[in-house]
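Colleague: predicted model and sequence follow; I will ask about them next.
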Amino acid sequence: MAHVSDLPCDGDGICMVCKGKPSPDETLTCRTCATPWHVACLSAAPPTMADAVQWECPDCSLLLVAAAPAAGAPEPPKAAIAAAGAGAPCDLLAAIRAIETDDSLSELEKAKRRQELLSGGARAPEGEDRREKGNGVLDILDGSLNCSFCMQLPERPVTTPCGHNFCLKCFQKWVGQGKRTCANCRHEIPAKMASQPRINSALVIAIRMAKMSKSNSENAQSKVYHFIHNQNRPDKAFTTERAKRAGKANACSGKIFVTVPPDHFGPILADNDPERNQGVLVGETWEDRMECRQWGVHLPHVAGIAGQSSHGAQSVALSGGYQDDEDHGEWFLYTGSGGRDLTGNRRTNKEQCKDQHFEKSNEALRVSCRKGHPVRVVRSHKEKRSAYAPETGVRYDGIYRVEKCWRKVGIQGRVVCRYLFVRCDNDPAPWTSDEHGDRPRPLPIVKELKGAKDLTDRKDPPSWDYDAEKGCWMWKKPPPKSRKRYWGMEDGKGMRRSRKHMSVREKLLKEFSCQICWNVMNLPLTTPCAHNFCKACLEGAFAGQSFMRQRTCEGRRTLRAQKNIMKCPSCSIDISDFLQNPQVNRELMGVIESLQSQALEEEEEEEEEEEEEEDENSESSEEADGAQNNLENDAEDRENDAEDIENDDAEGEISEETKLLPKPEAETEKQEACKQKAENPGNCISDCVRSDTADAELPVDLNNQEDAEDEEANMAVPESNARQLRKRKNCNDVVSTVKLDAGVATKSKRVKMAAAI
DNA sequence: GGGCCCGCAGGG
DNA sequence: CCCTGCGGGCCC
């Protein structure tokens, strides 16, 4: 914490605190304003050399809390000071720089002006920490930030290059009158700013911080965290050898960091975030769609709608791909997908050449409309026409509901599907300075509804709605049951598998897995919100005596202590009453038991078949160990010879890399054994209540590894024992779900798999 | 800034 | 297995 006694050195190098002249070794230079400071007189000196290099003086470090590194226009100092008083923190920096470069001032005067500027013109009494209780931020606000039109703190602020702030609406009104100069200082407004104003999110945060520090100084810090750029950057998406030519354009998805299934509706909660244990917060920003995907918010990396026509849509992206889109922040009009000719090289074609219909993902959105499901919304910087889009990257803006949908003739003369989205999130939107989330609001008047065809709106109460008593949005009906398996095991990607054949065991896992340990339930409990858990898992989680088992993105399982939770781990509905006297769902248990015996039978049969096949093909499978010859022989491999050569090269490189992986083989085996063990549905309870250390030191006898697999052949592992063995033969430590029988995992898949590991 | 190109992922 | 999808890098 900086104190008011922190003062820099003046123009003669004299410390303004001790009045001595420190040697260069005793001074630190701020990396932002380049002011020298006497180290000995600083209330908090940087702890290490590395910190010292990147050191920021107490004044700048305060300013930079929310500042975006935008350069303000250079101005004469007086104007600069005025602008700074009225501007966002980045304008303050601009003003500081303007002072520094003003030759008419002596260094002492410069220092004085800096101090005046930073303390809002009025210095706090000596000895009192002016930053205590967030007053520093409030000083910046001090009325001078107000919109020049309405004289209020700007609502959805936009900032001109000359450093003046206006409400978005006031600004648009002004510009709409044909005005092209700043209402404050008459500087010219650039044409781009006039036509495409963007909300100054740094200022939004500053205002909200100040508001919160007034009303609730203790919680301010944790709240503000929502708006800090994604600090814990995940492992990046990766590229195949061949795709590296085009860089990230052809990237494959990296790890998925959350444990929600791909068709998860609603916010990503802390329970599903083993990485950070905080869930995905409104305002989180990612570099691109791939990164956004990795946090489970919007999965398709090209398509705008994530959803299934029979199930509903989970999320949408606003990326400016469709002219008809209309963004008003808390509500927007969205256009369906399709109707474009994307064949051949016309993948980027923006022209509608066919009518859109309510089918596929368009139908999925309509289902979400009818049911009132929560839909996650991300905005991309590519949406240029919206003031609410982020400057860079892809940002999570929270939960919306589709209130109506219809079809109309679009701007390009073809029929398009249209959706009215209205925000309904418990957290405030990134562009509002409100401290609270949305409240139910009346639907906006949409003019185009008059000419709408096929209008659909909701007949039944929505599944996601506002609870007036609790004062928050929540599931009012059980959320749609996931039809897919959770993320993040084996290949580090989704759970896509061949759909030709789903074993009974897989069905069991898919339909009857505990939402805590993700194994087939043992003594199933069904909560009032229709989520299923093992009795031991659920009770254990709430008793605080045992541990929740969660998957990491690498497929390993971790044990994570869960304390003081009385909310459903899946949907956060309060289930305290249910937990008073939870009854095992006998009916469900019966079904599971019968399916388990079916699964056993099926797996025994399959195993026999596999063994027979293996005897017959033993020679060829030995050849398959050579792997690469098969690539060339594979009739299904449609890639041409030239590509094959390239493939081989790539594979060579990768196998080299694979060999060089620091992970010792024993450890890999251990992890796999651990994973397989964990997947044993029969072991659910013991798995769930086992201690941390038990998991970490799971005894693995490598020599008996294959015996162990024999014993576990009846488990949930969807591939038969024989196939697992063959798989291991074929691709060493690469665990894959791609077809391996013929040894034909294509090179890109192999490279990808290697990279995933 | 727009077109080209390549690639991945998912729905059906 | 095919088709489609509001990506992203590079070249012009």
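Modeller: Right, received. Where do you want to start?
Colleague: can you tell me the element residue A:592 falls in?
Modeller: Taking DSSP states H and E as the criterion, residue A:592 maps to helix A:586-616.
Colleague: also residue A:417?
Modeller: When elements are assigned from DSSP H and E, residue A:417 belongs to strand A:415-423.
Colleague: and that strand, C-alpha only, in PDB?
Modeller: As requested, C-alpha coordinates have been extracted for strand A:415-423 and formatted as PDB (Å, rounded to 0.1, in the frame of the first residue of the first chain):
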ATOM      1  CA  VAL A 415     -35.700 -15.300 -45.700                       C
ATOM      2  CA  VAL A 416     -33.700 -15.500 -42.400                       C
ATOM      3  CA  CYS A 417     -34.500 -16.900 -39.000                       C
ATOM      4  CA  ARG A 418     -34.600 -14.200 -36.400                       C
ATOM      5  CA  TYR A 419     -34.200 -14.500 -32.600                       C
ATOM      6  CA  LEU A 420     -34.900 -11.900 -29.900                       C
ATOM      7  CA  PHE A 421     -32.400 -12.400 -27.100                       C
ATOM      8  CA  VAL A 422     -32.800 -10.800 -23.700                       C
ATOM      9  CA  ARG A 423     -30.200 -10.900 -21.000                       C
END
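Colleague: just list what that strand packs against, helices and strands only.
Modeller: For strand A:415-423, the packing partners by 3 or more CB pairs under 8 Å, 6 or more residues apart in numbering; DSSP states H and E come out as strand A:331-335, helix A:360-371, strand A:375-380, strand A:394-409. Quick note: C-beta positions are derived from backbone N, CA and C, even for glycine.
Colleague: close to DNA strand C, is that strand?
Modeller: No: contact between strand A:415-423 and DNA strand C is absent, the nearest approach being 9.0 Å (criterion: CB under 7 Å from any atom of the strand).
Colleague: which ones are touching residue A:13?
Modeller: Contacts of residue A:13 were listed using CB atoms under 8 Å, 6 or more residues apart in numbering, and they are A:21-22, A:27, A:36.
Colleague: tally of neighbours for residue A:174?
Modeller: As a burial measure, the neighbour count of residue A:174 was computed by other CB atoms under 10 Å and equals 19.
Colleague: list the buried ones in the helix or strand containing it?
Modeller: For residue A:174, the enclosing helix or strand under DSSP H and E is helix A:168-176. By neighbour count, with 16 or more other CB atoms under 10 Å as the criterion, the buried positions of helix A:168-176 are A:168, A:170-172, A:174-175.
Colleague: same list, the residues you listed, but only the ones touching DNA strand B.
Modeller: Within the buried residues of helix A:168-176, nothing lies near DNA strand B by CB under 7 Å from any atom of the strand.
Colleague: setting the sequence-adjacent residues aside, check what's closest to residue A:164.
Modeller: Of all residues not flanking residue A:164 in the chain, residue A:184 sits nearest, at 4.1 Å (CB to CB, 6 or more residues apart in numbering).
Colleague: please work out the average pLDDT along stretch A:465-479.
Modeller: For stretch A:465-479, mean pLDDT rounds to 94.
Colleague: now do the same end-to-end measure for it.
Modeller: Looking at stretch A:465-479, the gap from its leading to its trailing residue is 12 Å under the measure CA to CA, to the nearest Å.
Colleague: hang on, residue A:272 packs against residue A:261?
Modeller: No: counting by CB atoms under 8 Å, residue A:272 stays clear of residue A:261, with 9.4 Å between them.
Colleague: so where's the stretch 1-150 of chain A shaky on pLDDT?
Modeller: The model of the stretch 1-150 of chain A has pLDDT under 70 over residues A:1-5, A:11, A:32-35, A:46-53, A:58-144.
Colleague: picking that back up, among the contacts of residue A:13, name the buried ones.
Modeller: A:22, A:27, A:36.
Colleague: quick one: low-confidence parts of the stretch 601-750 of chain A?
Modeller: Segments of the stretch 601-750 of chain A classed as low confidence (criterion: pLDDT under 70) are A:602-603, A:605-750.
Colleague: what about 50?
Modeller: Across the stretch 601-750 of chain A, the ranges flagged by pLDDT under 50 are A:619-750.
Colleague: follow-up on the earlier one: how much space between the residue nearest to residue A:164 and residue A:162?
Modeller: 7 Å (CB to CB, to the nearest Å).
Colleague: higher neighbour count, the two?
Modeller: residue A:162 (23 against 18).
Colleague: wouldn't the more buried one be in contact with residue A:182 here?
Modeller: Yes: in this structure, residue A:162 sits in contact with residue A:182. The criterion is CB under 8 Å, and the distance is 5.1 Å.
Colleague: ok so, going back, make TSV from the buried ones among the contacts of residue A:13 and add secondary structure and distance to DNA strand C to it.
Modeller: TSV is the format used below for the buried ones among the contacts of residue A:13 (DSSP: H, G, I helix; E, B strand; the rest coil; distance: CB to the nearest atom of the strand, whole Å):
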residue	secondary structure	distance to DNA strand C
A:22	coil	46
A:27	strand	41
A:36	strand	40
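Colleague: would JSON lines of those residues with distance to DNA strand B be doable?
Modeller: Converted to JSON lines, the buried ones among the contacts of residue A:13 look like this (distance: CB to the nearest atom of the strand, whole Å):
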{"residue": "A:22", "distance to DNA strand B": "48"}
{"residue": "A:27", "distance to DNA strand B": "43"}
{"residue": "A:36", "distance to DNA strand B": "41"}
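Colleague: ok so, going back, now, which of the buried residues of helix A:168-176 sits nearest DNA strand B?
Modeller: residue A:175 (18.6 Å; CB to the nearest atom of the strand).
Colleague: how many neighbouring residues does the residue nearest to that closest one when sequence neighbours are not counted have?
Modeller: If you skip the residues right next to it in sequence, residue A:175 has residue A:194 as its closest partner in space, 4.7 Å away by CB to CB, 6+ apart. Other residues within reach of residue A:194, judged by other CB under 10 Å, total 18.
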